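Undergrad: Give the three-dimensional model of this entry:
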Amino acid sequence: MKFNLDTLVEEFESLEIQLSDPEIFKDQKKVKEVATRKKSIEEAVTLYREYKMLNEQLDENKQMLGEEKEEEMRDLLKMEISEAEDQIPEYEEKLKMALLPKDPNDDKNIIVEVRAGTGWDEAALFAGELARSYILFAEEEGFKTEITEQTHGDAGGMKEMVFEVRWEWAYSRFKYESGVHRVQRIPETENKWRVHTSAITVAILPEAEEFDVELKEEDLDIKATKSSGAGGQHVNTTDSAIHMVHIPTWISVFCQEWRSQHKNREKAYQILRAKIYAVEQERRQKELGEERLAQVGSWDRSEKIRTYNYPQDRITDHRIGQNFSGIPQVMTGRLAPIIDACAVADQQMKLEQAGKGE
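TA: Residues are numbered from 1 along each chain as shown. Below you'll find the predicted structure:
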């Protein structure tokens, strides 16, 4: 057999035993580590077990064919052998994909930040449209969403929107969206039919657990303030909004979407942990010198990743060099074809890198 993953099966069985021991639940960090590792190898282990059984059955049928005298039985064995020989390469390809390095953040909840950049009012309008598209896509995928911050533009749209996407594998579906999104279209206020170009930035932040990032009170500057108006869902005179600054990194968060100061503080902690975690992840990746597919899945929000050309109804993903049509449909949440294409290109790059390492 081309694949011998018996040690991986042994590891999987060991992880199952650990998770069945009640003692492990005294250490939630350990539970998370063991469960995550088990989940990351489960597909490969399942495929390998089926692959191994298929090979064993193939060997057995070949041996029986050499001993069988009855022609009808020989024909049946030959058919089963042929089918198995066709299936084995398919299993080997699936195993290659399952054995590719997994992103440790893939199964995490995420925080999505969409911010208007160059282009003033037009950028804010597009930021609002793309943010709504993400929320619709998330709901179609079965994820739960909750807006944690939004600031409206003067002429409509959103200067910025921050929202959570919760459920397993949220990060794996959204991670290719980080970067600069450029839009080319004729604004409704344009009377000379000139195409304007504007841009927005998108950040996809995996949610960090408390044991991923420790926030010490002495490292935080926390101020309670009044909601700032158009950005909040509820404007009131109480100091319910929270402005939180992490002094060692000067990363700041402002939350005002809830009337409850406690709720805003809780969300500010959550978003701040995710931002610090993202910065730490980026630092580690740079230290490792990890190659990527033209920023696919990276944290580099300065990189232009996609252009939406409305007059030509064309979306271009610059990282994979692929065009898509149907902008109106994409803006209603039908992002799956683009995201799937990025995922396939990313997997192909990893396969090529794995091949070079052999």
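
Undergrad: Verify the assumption that residue 142 is located in a helix.
TA: No: according to DSSP: H, G, I helix; E, B strand; the rest coil, residue 142 belongs to no helix; its state is coil.

Undergrad: Not counting its neighbours along the chain, what's nearest it?
TA: Distances taken as C-beta to C-beta, 6 or more residues apart in numbering place residue 167 nearest to residue 142, at 6.3 Å, with adjacent residues excluded. C-beta here means a position set from N, CA and C on the backbone, and glycine is covered the same way.

Undergrad: what number of residues lie near the one you found?
TA: Residues near residue 167, counting by other C-beta atoms under 10 Å, number 15.

Undergrad: Then residue 164?
TA: Neighbour tally, residue 164, other C-beta under 10 Å: 22.

Undergrad: Likewise for residue 283?
TA: 11.

Undergrad: my guess is residue 30 meets residue 21, correct?
TA: No: Residue 30 lies out of contact with residue 21 (C-beta atoms under 8 Å); the separation is 10.6 Å.

Undergrad: In terms of neighbours, single out the busier of those two.
TA: residue 30 (14 against 9).

Undergrad: Check which element follows the helix or strand harbouring that one along the chain.
TA: In this assignment (DSSP states H and E), residue 30 forms part of helix 28-67. Following helix 28-67 in sequence order, the next helix or strand is helix 71-98 (DSSP H and E).

Undergrad: who's in contact with the next helix or strand after that following helix?
TA: Counting by DSSP H and E, the next helix or strand C-terminal to helix 71-98 is strand 110-116. With C-beta atoms under 8 Å, 6 or more residues apart in numbering as the test, strand 110-116 has contacts from 123-124, 126-127, 130-131, 134, 148, 153, 157-165, 170-171, 174, 177, 198, 200-207, 270-271, 274.

Undergrad: In helices, which of the residues you listed fall?
TA: 123-124, 126-127, 130-131, 134, 170-171, 174, 270-271, 274 (DSSP state H).

Undergrad: doesn't residue 35 make contact with residue 25?
TA: No: counting by C-beta under 8 Å, residue 35 is not a contact partner of residue 25; they are 10.8 Å apart.

Undergrad: which one of the two has more residues nearby?
TA: The residue with more neighbours, out of residue 25 and residue 35, is residue 35; 15 against 10, by other C-beta under 10 Å.

Undergrad: distance of the more buried one from residue 168?
TA: Residue 35 is 11 Å from residue 168, where distance means C-beta to C-beta, to the nearest Å.

Undergrad: Which neighbouring elements make contact with the helix or strand hosting residue 265?
TA: Using DSSP H and E, residue 265 falls within helix 261-288. With contacts defined as 3 or more C-beta pairs under 8 Å, 6 or more residues apart in numbering; DSSP states H and E, the packing partners of helix 261-288 are strand 110-116, strand 196-206, strand 220-225, strand 241-246, strand 251-255.

Undergrad: Run through the residues that contact residue 261.
TA: Contacts for residue 261 (C-beta under 8 Å, 6+ apart) come out as 224, 238, 239, 240, 241, 242.

Undergrad: mind running it again at 6 Å?
TA: Counting by C-beta atoms under 6 Å, 6 or more residues apart in numbering, residue 261 makes contact with 224, 240.

Undergrad: and it, what pLDDT?
TA: As predicted, residue 261 sits at a pLDDT of 87.

Undergrad: any idea how far the residue lying farthest from the centre of the chain lies from residue 82?
TA: Using C-alpha atoms, centre = their mean, the residue of the chain lying farthest from its centre is residue 69. It sits 57.0 Å away. Distance of residue 69 to residue 82, given as C-beta to C-beta: 20 Å.

Undergrad: ok, residue 94 - how many residues close by?
TA: What residue 94 shows, counting by other C-beta under 10 Å, is a neighbour count of 16.

Undergrad: Also the one 10 residues further on?
TA: Here the neighbour count serves as a burial measure; for residue 104 (other C-beta under 10 Å) it reads 13.

Undergrad: Let me know the pLDDT of residue 29.
TA: pLDDT, read off for residue 29, is 83.

Undergrad: All set, thanks.
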